[in-house]
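Visitor: the following comprises the amino acid sequence and a computationally predicted model.
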Amino acid sequence: MSEQSARKASKAVFHEMSPQEVSADGKAKTWITRGGNFAVCYSEVEPGAVLARENNPEEYMVILPPDGTTATIEAGEEKVEAGSESLTIVPPGPSRIVATSKGVIARIFSKASEDIMVKAWNAEVYADGAPELAPPDLWPEPYDGYKLRHYPLAQYAKPGGERIQPRVFRSTNMLVNIFAHYYTRRDTTALSPHWHDDFEQASLCLNGRWIHHLRYNWGSDLSKWWPDDHEEMDTPSVIIIPARAIHTSRDVGPDGPESSLYDIFCPPRLDFASKKGFVINEDEYPLPENADQREVKTGGTLLSWQKPA
């Protein structure tokens with residue numbers, strides 16, 4: 001990492017700002033925050049709320065947190081009854097999500113969904129096209145073709161197990177790490193400050209209070225240096241962590257209350273995707289050609305699960 005950080009982090013505490021979309025019937029309010037290659041859409045819904053896409057160009061992901069939210073997700077002739085604490089990958093084309101309970105629905109879209117990208121509250125931050133980032137790089141189609149893919153998440157967490165339990169899934173265009181929720185706070189002697197050379201990270205937090213520690217890389221021009229950032233953020237919230245920024249996150253406050261962290265990368269992280277057995281749905285999607293010859297694009301202090309194979 002040698003170049004100066006190109007931009008500061010974008011931070012959104014949703015209840016401190018107005019939503020970017022409100023449905024005509026008032027049953028869905030959506031906050032949209034974008035990165036260079038993706039957008040995070042956080043929606044608060046009432047029963048009967050509809051979140052529809054007429055012809056989405058690529059796959060997108062739908063996360064229902066473990067708060068009791070349920071929804072019917074349709075794509076083409078397929079339908080899934082999505083329960084609380086689940087992930088669904090929706091294929092390209094027309095689709096709709098109908099909330100069957102009150103709650104929260106998070107959707108992750110790639111840069112190809114241009115109509116969503118322009119609605120983000122921070123769209124102007126990326127008016128330069130984010131030239132510091134690698135291209136979106138769509139990976140090969142799934143082995144069995146595009147279809148609705150649904151994953152109830154509780155089965156991938158071990159109650160009473162390790163505090164940090166990654167649950168990683170990917171599609172052709174993105175990768176998410178939906179950590180099992182935390183009930184104890186992070187050990188401040190075991191943090192993992194690291195950086196990504198040419199891709200961003202979104203961290204979506206729906207519970208608890210968080211500090212996303214940030215240190216921006218310096219260049220030769222002193223006037224463009226930015227101070228370290230240790231701001232505490234309430235939830236629900238999201239942060240877009242820029243390429244080249246050294247970062248590590250920790251939940252704060254007393255043990256006991258629940259906290260949650262979902263990390264998002266677009267395109268998929270090759271270092272994670274290449275680790276055999278690490279991505280839960282790895283058998284559904286092929287790796288790109290020459291994956292074993294591509295350079296690792298992250299560095300710093302990494303925990304064992306973060307390190308490349």
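Guide: Nice, thanks for sending it over.
Visitor: which stretches of the chain form helices?
Guide: 114-117, 270-273 (DSSP state H).
Visitor: among these, which is nearest N55?
Guide: Checking the helices of the chain against N55 by CB to CB gives helix 114-117 as the closest, at 10.5 Å. (Glycine included, C-beta is placed from N, CA and C.)
Visitor: what residues does that closest one touch?
Guide: Helix 114-117 has contacts (CB atoms under 8 Å, 6 or more residues apart in numbering) with 32, 34, 39, 41, 109, 111, 123.
Visitor: so how do I select the buried members of the residues you listed in PyMOL?
Guide: To isolate the buried subset of these in PyMOL, counting by 16 or more other CB atoms under 10 Å, use the following:
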select buried, resi 32+34+39+41+109+111
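Visitor: of the contacts of helix 114-117, closest to E295?
Guide: K111 (22.2 Å).
Visitor: what's the burial count for the residue lying closest to that closest one once chain neighbours are set aside?
Guide: Nearest residue to K111 in three dimensions, chain neighbours excluded: N37, at 4.7 Å (CB to CB, 6 or more residues apart in numbering). N37 has 23 neighbours, counted by other CB atoms under 10 Å.
Visitor: ok so, going back, closest to P47 out of the helices of the chain?
Guide: Closest approach to P47 among the helices of the chain (CB to CB): helix 114-117, 23.9 Å.
Visitor: distance check, the residue nearest to P267 when sequence neighbours are not counted against L270.
Guide: Nearest non-adjacent residue to P267, counting by CB to CB, 6+ apart: D137, 4.5 Å away. From D137 over to L270 the distance is 9 Å, taken as CB to CB, to the nearest Å.
Visitor: any shared contact partners between the two?
Guide: P288.
Visitor: ok so, going back, pick out the shakiest of the helices of the chain, pLDDT-wise.
Guide: Comparing mean pLDDT across the helices of the chain, the weakest is helix 270-273, with a mean of 93.
Visitor: for that helix, which outside residues touch it?
Guide: Helix 270-273 is contacted from outside by 168, 170, 175, 177, 265, 278-279, 282, 287-288, 291, 294, 296-298, 308-309, using CB under 8 Å, 6+ apart.
Visitor: hmm, back to that, higher neighbour count, D137 and L270?
Guide: Neighbour count, other CB under 10 Å: between D137 and L270, L270 has more, with 23 against 14.
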